[in-house]
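Visitor: Kindly return the folded structure for what I paste below:
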Amino acid sequence: SIEKFKARLVVIGCKQIEGVDFFDTYSPVSKVTTIRVLIALACVFNLEIHQMDVKTAFLNGELEEEIYMNQPEGFVEQGKEKKVCKLVKSLYGLKQAPKQWHEKFDQVVLSYGFQINNSDKCVYVKQFDDNGCVILCLYVDDILIFGSNMHFINDVKFFLSRNFDMKDLGRVDVILGIKLIKKNDDMTFTQSYYVEKLLKKFNYFDVKPVSTPYDSSIKLKKNLSKGISSHKYSQIIGSLLHLTNFSRPDIAYAVGRLGRYTNNPDHSHWIALERVFRYLKGTINYGIHYTCFPAVIEGFSDANWISDSDETKSTSGYVFTLAGGAVSWKSAKQTIISRSTMEAEIIALDTATSEAEFLKNLLCDLPLLNKPIPPIPMHCDSQV
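Guide: Below is the predicted model of the structure:
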């Protein structure tokens, strides 16, 4: 149903000249891994999770450059048709609008006593006197508020509402299109609605379910003849990658393998892709389940050494768990050629270690855990 109608004035940013109208355009965005880690910690330490949305976030940014725009169509002042408007603040459409908004938010929350996490610049922590704390996680204009006490959360909400036009969404229910279901002290991170939507969109809702997403006996090879529906194939892979990166590590390997053939898929690639949908059909309600135990991060790493005859590089895979559920995972082709199974395993371990370092540094700047943070145990082929 239509909640409201909204019109927005947007600048034609494609006409901006680099070095004159803008310089830097980068803007940090919180990693989905960070969000999952914070949710897992919320289960462990029984934190409240609330959500707020910033209305017209990009309008809050302060401009550093001198920028002019034509008068909006339909609002040209009579007798001054040849004059232009000088922008006092940021507008939607400007290339630097996301960057200026993030800098403004930084400035405001730091003035209230928050500190920036060194590993993820979109995470802010404020420690209170009586061992309470509030953690903010910013994803563009969505703010997740983790707090040990509702009094502290309400104080932060009041402060944010005083500085920005905010919409209080209360206790978190949906994060970036992902459903968060809380039952007692446990939480489940699921995208069942998105999976159902995908199955219906690509006409796979009535397929027969299977128990695994990939058949290891099939040897996929590059197609040297004419491809079959490569545009639709790419669309499906993109949708599945979104699902994989957010809440479904169980299809990461299958989607990663099939994504190598988006340029020119053949019949065998489509059969393998259909198997992923058949697996999703039988696992629509699967999600990541977090509990209050265990409260330590563990890492698992593995590699398969050149499984196909036309492949020259192995595949690395890792997963890190916290509070009984996965918080970080990856399955990708290695960037260098390994000459043995052992070398492939070492390369996979090196990739996993980089992620372990990020996770440890992230936890070091959070006041919830005892310091120093113990080393993260890494398991390779079921061995520590």
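Visitor: what's the longest helix seen in the chain packed up against?
Guide: Assignment by DSSP state H gives helix 341-364 as the longest helix of the chain. Helix 341-364 sits against helix 32-45, strand 298-304, strand 315-322, strand 325-333, strand 378-380, with contacts defined as 3 or more Cβ pairs under 8 Å, 6 or more residues apart in numbering; DSSP states H and E. C-betas here are computed from N, CA, C, even on glycine.
Visitor: Now do it against helix 32-45, angle only.
Guide: For helix 341-364 against helix 32-45, the angle by axes from the mean of the first three to the mean of the last three Cα atoms, to 10 degrees is 60 degrees.
Visitor: pLDDT of helix 341-364, averaged?
Guide: For helix 341-364, mean pLDDT is 93.
Visitor: again with stretch 76-90
Guide: 91.
Visitor: Quick one: closest of the helices and strands packed on helix 341-364 to residue 172.
Guide: helix 32-45 (8.8 Å; Cβ to Cβ).
Visitor: Can you dump the C-alpha atoms of the closest one in CSV for me?
Guide: Output of helix 32-45 as CSV, limited to C-alpha atoms (Å, rounded to 0.1, in the frame of the first residue of the first chain):
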residue,chain,number,x,y,z
VAL,A,32,27.5,-6.5,6.7
THR,A,33,30.0,-8.6,8.7
THR,A,34,30.1,-5.9,11.3
ILE,A,35,26.3,-5.9,11.6
ARG,A,36,26.3,-9.7,12.1
VAL,A,37,29.0,-9.5,14.8
LEU,A,38,27.1,-6.8,16.7
ILE,A,39,23.9,-8.9,16.5
ALA,A,40,25.8,-11.9,17.8
LEU,A,41,27.2,-9.9,20.7
ALA,A,42,23.8,-8.5,21.4
CYS,A,43,22.7,-12.1,22.1
VAL,A,44,25.7,-12.9,24.2
PHE,A,45,25.4,-9.7,26.4
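Visitor: just checking, next helix/strand downstream of it?
Guide: strand 48-54 (DSSP states H and E).
Visitor: how far does the helix or strand that that next one is followed by sit from the chain's center?
Guide: Using DSSP H and E, the next helix or strand after strand 48-54 towards the C-terminus is strand 68-70. Counting by Cα atoms, centre = their mean, to the nearest Å, strand 68-70 is centred 35 Å from the centre of its parent chain.
Visitor: Which elements pack onto strand 68-70?
Guide: strand 84-86.
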